[in-house]
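Trainee: Predicted model follows, preceded by the sequence.
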Amino acid sequence: MYETIVPLNWLEKEIVAYEQEPIEKGKILFYGHSLFTRWGSKNWGYRRLDEDIRMKDGSLACVNHGFGTSTSEELLYYYHRMVKPWEPRALVISTYANDGMYGYSPEDVMINIAKLCHWAMTDFPGIRIFLLEDHPRPNGKGFNMRDIWNNGKNKREKYHLLMRQFADLHENITVVDLWNRPEFFETPEDVGNYQKVREDIFVADKVHPNQEGYDIFRDIFLEVLDDLL
């Protein structure tokens, strides 16, 4: 059993900042960790997610509520402030990487995500939900990310299996497959091999995407969300 290492409200400043923004109801809401956070602010030097993923008529389609080094428990904790008031028509959820770092098991994470999904389905009947696989990364350098993420391959795969089993029970929930996408790997033959993830699409920490990496995510989401755009 895990123990909470930091208070669940340690990212409160980021949440308060989002609460100062106008509430845009009926959008596709992206909710998760720093994969979304860095795609949300020009401070990181990237195009914003809401600029990359638009409706086919060019109007805004998305709201980005990525925050910090969040875990699934924090996503659940802040649901009533960061999801419910926006009344989204679709919810894209990304988690697990930080959960593994803080010692949560795949089962712990899936329990939190299942609760979050059930809350959203209860509050917004018919909502579409997309669960993002923990995305491929090269070996982290300079800190122990190899053990956390890459040597944690079996735990990650267990989480992905639990996600799929949960999604199979709900016709409105889709798992976004990332580990079978050749764009993330050195060659098409390397697809799925965690030791052959491309390094050139990540910044120096080998954890977070650079602009080319975000271009790949943009294209994936334009494909996955096509019928909603």
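Mentor: Structure's in. What do you need?

Trainee: Could you pull up phi and psi at Pro209?
Mentor: Main-chain dihedrals, Pro209, degrees, to the nearest 10: phi -70, psi 150.

Trainee: Any stretches of this structure with poor pLDDT?
Mentor: 1-6, 139-152 (pLDDT under 70).

Trainee: what do you get if the cut-off is 80, keeping everything else the same?
Mentor: 1-6, 41-44, 139-153 (pLDDT under 80).

Trainee: Longest helix in it, by number of residues?
Mentor: In the chain, taking DSSP state H as the definition, the longest helix is helix 106-123.

Trainee: Quick check: the gap between the residue nearest to Leu11 when sequence neighbours are not counted and Ile111.
Mentor: Computed as CB to CB, 6 or more residues apart in numbering, the closest residue to Leu11 that is not its neighbour in sequence is Gly68, at 4.3 Å. Bear in mind the C-beta positions are built from the backbone N, C-alpha and C, glycine included. Plainly put, Gly68 is 22 Å away from Ile111 if you go by CB to CB, to the nearest Å.

Trainee: that older thread, pull the contacting residues for the residue nearest to Leu11.
Mentor: 11, 14, 33-34, 37 (CB atoms under 8 Å, 6 or more residues apart in numbering).

Trainee: In the longest helix of the chain, which residues are buried?
Mentor: 106, 108-114, 116-117, 120-121 (16 or more other CB atoms under 10 Å).

Trainee: what's next to it, contact-wise?
Mentor: Against helix 106-123 from outside (CB under 8 Å, 6+ apart): 2, 71-73, 75-76, 79, 83-84, 87-88, 91, 93, 95-96, 99, 127, 129, 131, 155-156, 158-159, 162-163, 166, 170, 172-173.

Trainee: Take those and keep only those in helices.
Mentor: Per DSSP H, the contacts of helix 106-123 map to helices at 72-73, 75-76, 79, 99, 155-156, 158-159, 162-163, 166.

Trainee: which one of the residues you listed is nearest Glu21?
Mentor: Tyr79 (17.2 Å; CB to CB).

Trainee: ok, now which ones touch the closest one?
Mentor: Per CB under 8 Å, 6+ apart, neighbours of Tyr79: 116, 119-120.

Trainee: Now flag whichever of those is closest to Gly213.
Mentor: Leu116 (25.8 Å).

Trainee: what's the burial count for the closest residue in space to the closest one that isn't next to it in sequence?
Mentor: Spatial nearest neighbour of Leu116, chain neighbours left out: Leu76 (5.2 Å); criterion: CB to CB, 6+ apart. Residues lying near Leu76 (other CB atoms under 10 Å) number 19.

Trainee: likewise Ile216?
Mentor: 17.

Trainee: Could you do Val175 as well?
Mentor: 17.

Trainee: swap in Lys42?
Mentor: 9.

Trainee: Do I have it right that it meets Arg48?
Mentor: Yes. Taking contacts as CB atoms under 8 Å, Lys42 lies within contact range of Arg48: 6.6 Å.

Trainee: Centroid-nearest residue for the protein?
Mentor: Ser94 (1.9 Å; CA atoms, centre = their mean).

Trainee: show me what contacts the residue nearest to it when sequence neighbours are not counted?
Mentor: Residue nearest to Ser94 in three dimensions, not counting chain neighbours: Gly32, with 3.2 Å by CB to CB, 6+ apart. Contact partners of Gly32, counting by CB under 8 Å, 6+ apart, are 66, 70, 75, 92-95, 132.
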